[in-house]
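**Student:** Predicted structure and sequence below. I'll ask about it afterward.
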Amino acid sequence: MLRNTFIHLPGVGPLRERSLWEHGIRDWDAFLVAAEEGRLPSSGLASAVPLIRQSQEAVRLGDAGFFKPLLPPPETWRLFGEFAERAVFLDIETTGLSPWCDEVTMIGTLAAGRPRLFIRGVNLEDFPDYVEQFPLLVTFNGSQFDVPFLRAHFPGARLDQPQIDLRFVLASLGYRGGLKTVERSLGLSRDPAIQGVDGFEAVRLWRRWRRGDPEALRRLALYNLTDVANLVELLEAAVERKCRLAGFPAEKAMLRPCPMLKPGAEILAACIAECCQEDAARKFRLA
DNA sequence: AGCCTTACTCGACCCGCGAC
DNA sequence: GTCGCGGGTCGAGTAAGGCT
């Protein structure tokens, strides 16, 4: 779907993009051929040829950042088709809502189907080096909460990647509200062990763990990784609907299959068991 | 409960096209 | 070739909503 995209060109909005598709210019290759043959629907578009070539090169090099200043934020979902395997889904837990007064307690990530947990007092400091390798972030309301919070806590971390913020993608499709509300609307379910857990309860779980309750940490980790894992399904649902609504050229709009992006419950359980084992608890108490 | 980015609205500007 | 109109894009200002 990224290769069918033209709204990153100056002077092209959704309507002109659709007009290009209707003229048979369905992707970047077709654009370059049409430019060479003088068949572009408006002469001004010929000046966009260098940008199209740069776009092709950026995809070849895996440089999603190239598109960040060019794509309107609500349209960054178009990067998913080309960068799905190199995207990192993430969600954070904190002790409150203020980046300056509260602390990050846990960060859950998921990349190419592999979950990881970063826990304060255990391995939280490993997060900046880990996140640096990914060219694309996927969050829910992360542009307003998670990323500013992480920036405040890891001032040197590389967090300038393009970001797909599912809150706004889904809202543009009519799915408004918080993460749990949207999940229910789309028929996603949660493990009964974390039914009723919300962000506020997550703060309480963290406090219980600090007072020595190892089960509280496991529950918090399951809550956090469930949030992250569900982002995969939400994104796939959103992209499918967006492609249909935008009128993407049919044969190109089909999502490439992305196997193993969402891990099964047993993989999540193994990740939680590894991070929440007793020696992690000992390390925390010594810290 | 505080923060931050985005959506939304509206006006200005640009470009293409048709009439003359 | 020039002018005027209309559709589309862009930018500034404001308000809202969701995260723990």
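**Tutor:** Okay, I see it.
**Student:** My guess is residue A:238 contacts residue A:170. True?
**Tutor:** Yes. With contact defined as C-beta atoms under 8 Å, residue A:238 counts as touching residue A:170 (5.6 Å). For glycine as for every other residue, the C-beta is placed from the backbone atoms N, C-alpha and C.
**Student:** quick one: which of the two has more around it?
**Tutor:** Applying other C-beta atoms under 10 Å to residue A:238 and residue A:170 shows that residue A:170 carries more neighbours, namely 25 against 21.
**Student:** could you say which helix or strand contains that one?
**Tutor:** helix A:166-172 (DSSP states H and E).
**Student:** Give me the distance from that helix to the chain's centre.
**Tutor:** 12 Å (C-alpha atoms, centre = their mean, to the nearest Å).
**Student:** Mind listing what's buried along it?
**Tutor:** For helix A:166-172, a neighbour-count test (16 or more other C-beta atoms under 10 Å) marks A:166, A:167, A:168, A:169, A:170, A:172 as buried.
**Student:** tell me which of those residues is nearest to DNA strand C?
**Tutor:** residue A:167 (5.5 Å; C-beta to the nearest atom of the strand).
**Student:** ok, the closest one to residue A:54 distance?
**Tutor:** 30 Å (C-beta to C-beta, to the nearest Å).
**Student:** Check whether the helix or strand following the helix holding residue A:170 comes into contact with DNA strand C.
**Tutor:** Going down the chain from helix A:166-172, the next helix or strand is helix A:179-185, by DSSP H and E. Yes. Using C-beta under 7 Å from any atom of the strand, helix A:179-185 reaches DNA strand C at A:179, A:180.
**Student:** quick one: helix A:179-185 near DNA strand B?
**Tutor:** No. Shown here: helix A:179-185 not in contact with DNA strand B (C-beta under 7 Å from any atom of the strand), separated by at least 14.1 Å.
**Student:** Report all helices and strands that the helix or strand following that helix contacts.
**Tutor:** Per DSSP H and E, helix A:179-185 leads on to helix A:199-210 as the next helix or strand towards the C-terminus. Identification of packing neighbours for helix A:199-210 by 3 or more C-beta pairs under 8 Å, 6 or more residues apart in numbering; DSSP states H and E yields strand A:87-94, helix A:214-246.
**Student:** Report the rounded mean pLDDT for the last one.
**Tutor:** Pointing back at helix A:214-246 there. For helix A:214-246, the mean per-residue pLDDT is 91.
**Student:** Also the shortest one?
**Tutor:** Computed over strand A:87-94, the mean pLDDT rounds to 95.
**Student:** So what are the sheet partners of it and their directions?
**Tutor:** strand A:104-111 (antiparallel), strand A:136-139 (parallel) (DSSP bridges).
**Student:** what's in contact with the shortest one?
**Tutor:** Surrounding strand A:136-139, the residues in contact under the criterion C-beta atoms under 8 Å, 6 or more residues apart in numbering are A:64, A:79-80, A:83, A:86-91, A:131, A:146-147, A:159, A:161-166, A:231, A:235.
**Student:** which of these come close to DNA strand C?
**Tutor:** Near DNA strand C, by the rule C-beta under 7 Å from any atom of the strand, you find residue A:91 out of the contacts of strand A:136-139.
**Student:** could you flag which of the contacts of strand A:136-139 are buried?
**Tutor:** A:64, A:79-80, A:83, A:87-91, A:131, A:146-147, A:159, A:161-166, A:231, A:235.
**Student:** quick one, phi/psi of the residue nearest to residue A:162 when sequence neighbours are not counted?
**Tutor:** The shortest distance from residue A:162 to any non-neighbouring residue, by C-beta to C-beta, 6 or more residues apart in numbering, is to residue A:68 (4.2 Å). Main-chain torsions, residue A:68, degrees, to the nearest 10: phi -60, psi -50.
**Student:** residues contacting residue A:68?
**Tutor:** With C-beta under 8 Å, 6+ apart, residue A:68 has these contacts: A:76, A:160, A:161, A:162.
**Student:** low-scoring stretches of the stretch 151-287 of chain A, by residue?
**Tutor:** A:250-260, A:278-287 (pLDDT under 70).
**Student:** and residue A:57, how many neighbours?
**Tutor:** Counted with other C-beta under 10 Å, the neighbours of residue A:57 add up to 11.
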